[in-house]
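**Q** Sequence and computational prediction follow.
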Amino acid sequence: MSINGPAQREGFDPPENCRLAIPKKGRLYEKVTKMLKGAGIEFRREARLDVALCVGKPITLVFLPAADIAKYVGEGNVDIGVTGQDIVKESGVKVNEIMELGFGKCKLCVQAPVKKNIKSVEELAGGRIVTSFPTVTKQFFNEYDKKLGKQTSVKFVSGSVEAACGLGLADAVVDLVETGTTMRAAGLEVVHEILETQAILISNPQTTHQDIVDMLKRRLDGYITATKFVMVMYNVSVNNLEDACAITPGKRSPTVTALDDPNFKAVSALVATKEVSEKMDKLHEMGATDILVFDVHNSLM
C-alpha cells in the first residue's frame, strides 16, 4: 500500500512529517477529532482532501477508512493510527498497540437464529458462516474443525451481515455487537463471544518518529483522564482532615494547603465524575465547607 496523490504533489505532506491515520468519517471520526483537539493537536482539513497538516507540529493527518488503517500502519505507509482492536487482529499485521482509547467498545460474537436454539459453537462447526471478519472467523472455527473433523464454510460480506441467516445464506454469522439492538431485530442471539474490542492507538514498530508517538500518548492519556475526573476543592477542620482525605484520596494523594485560620485546611483532589455527587454529600455530612467542583480540560500525570 502507498499514499500518493495531489495532496503530496502540492506539498501538503512534507516527507519529514510523522503521518497519523484516523478514520475519515462516521462516529469514530467525530470521536477521534474531538480527542485530538482536546489533546492540543489542531488541524484544518481542506475540502475534498484526505490529508491535513497539524498546526505547530510536524504531523500530517491522513484520513482513511477505519478498516484500512491497521494495514497502512503495519506496512509503514503511516507511522501512527487509530483503529479498532478487531481490525488489527483481522489485518494480521504487526503493530505496536500503544494505548486503549476507551470508546468504540463492542464484542465480536458468533450469532445464530434464536429459533434454532443453538447452545454451543460445536453445533455450528461444519456449517455456513457469513462475516466481515473472515480471517478471525476461520482461525476461531479451525479449532473446532480439527477437533470434530469438519470443514466450516466461511464467506465474506462487506455489510448487512445480520441479514445472512434470514436470507438463507448462512447458518450463523460472526459480527460486532454493541447494544444488541440490530442483532435482536434480525432474530439472532449470541452463541459465543470471540473477542472484545475498542478503539486503540497503534504505531509501526520501525517508525522514526518515536518522540511524536510518546508525545501523543502522553497527551491523550492526559485528555482521557480529564474527561473522567473533576477537581473537587473544599475547606475542612484539622480534626476532620484525615476522614475527609479518605473520602477524596485523589489519583495519588490530595493536595492539602494551609489557611489563615490554623484550625482549617484547604483540600483539592481529583474525583471520578460519576462519583462526585456522592462524595460531595459525604464531605458535607462530615463538616467540610465551601465545596467546589471544577471541570478539568486536560492534564499530565
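**A** Happy to help now that I have it. Residues are numbered from 1 along each chain as shown.

**Q** For stretch 147-162, which residues meet the burial criterion?
**A** Using 16 or more other C-beta atoms under 10 Å as the test for burial, stretch 147-162 gives Thr152, Val154, Val157, Val161, Glu162. Any C-beta I mention is one placed from the backbone N, CA and C, and that applies to glycine too.

**Q** correction: stretch 283-295
**A** For stretch 283-295, by 16+ other C-beta under 10 Å, it's Leu283, Ala288, Ile291.

**Q** what does stretch 86-100 give?
**A** Those would be Asp86, Ile87, Val88, Lys89, Glu90, Ser91, Val93, Val95, Asn96, Ile98, for stretch 86-100 by 16+ other C-beta under 10 Å.

**Q** who's in contact with that stretch?
**A** Here stretch 86-100 makes contact (C-beta atoms under 8 Å, 6 or more residues apart in numbering) with 66-67, 69-71, 73-75, 80-81, 85, 108, 133-136, 176, 195, 197-205, 213, 216-217, 220-221.

**Q** Counting neighbours, what do you get for Thr255?
**A** By the criterion of other C-beta atoms under 10 Å, Thr255 has 13 neighbours.

**Q** I should have written Lys105 there, sorry.
**A** Neighbours around Lys105, by other C-beta under 10 Å: 14.

**Q** leaving aside the residues next to it on the chain, what's closest to it?
**A** Residue nearest to Lys105 in three dimensions, not counting chain neighbours: Gln198, with 4.3 Å by C-beta to C-beta, 6 or more residues apart in numbering.

**Q** could you list every residue that touches the one you found?
**A** Gln198 neighbours (C-beta under 8 Å, 6+ apart): Gly84, Gln85, Glu100, Leu101, Gly102, Phe103, Gly104, Lys105, Cys106.

**Q** how close does the last one sit to Pro58?
**A** The span separating Cys106 from Pro58 equals 34 Å under the rule C-beta to C-beta, to the nearest Å.

**Q** Let me know the average pLDDT across stretch 283-294.
**A** Averaging pLDDT along stretch 283-294 yields 96.

**Q** how about low-confidence regions in the protein?
**A** 1-12 (pLDDT under 70).

**Q** Point to the residue nearest the middle of it.
**A** Ala199 (2.6 Å; C-alpha atoms, centre = their mean).

**Q** Could you verify my assumption that that one touches Gly81?
**A** No: contact between Ala199 and Gly81 fails when scored by C-beta atoms under 8 Å: they sit 10.4 Å apart.

**Q** count of neighbours near Leu270?
**A** Here the number of neighbours of Leu270 (other C-beta under 10 Å) works out to 22.

**Q** so how far does stretch 293-301 reach from one end to the other?
**A** End-to-end distance of stretch 293-301: 20 Å, with C-alpha to C-alpha, to the nearest Å as the criterion.
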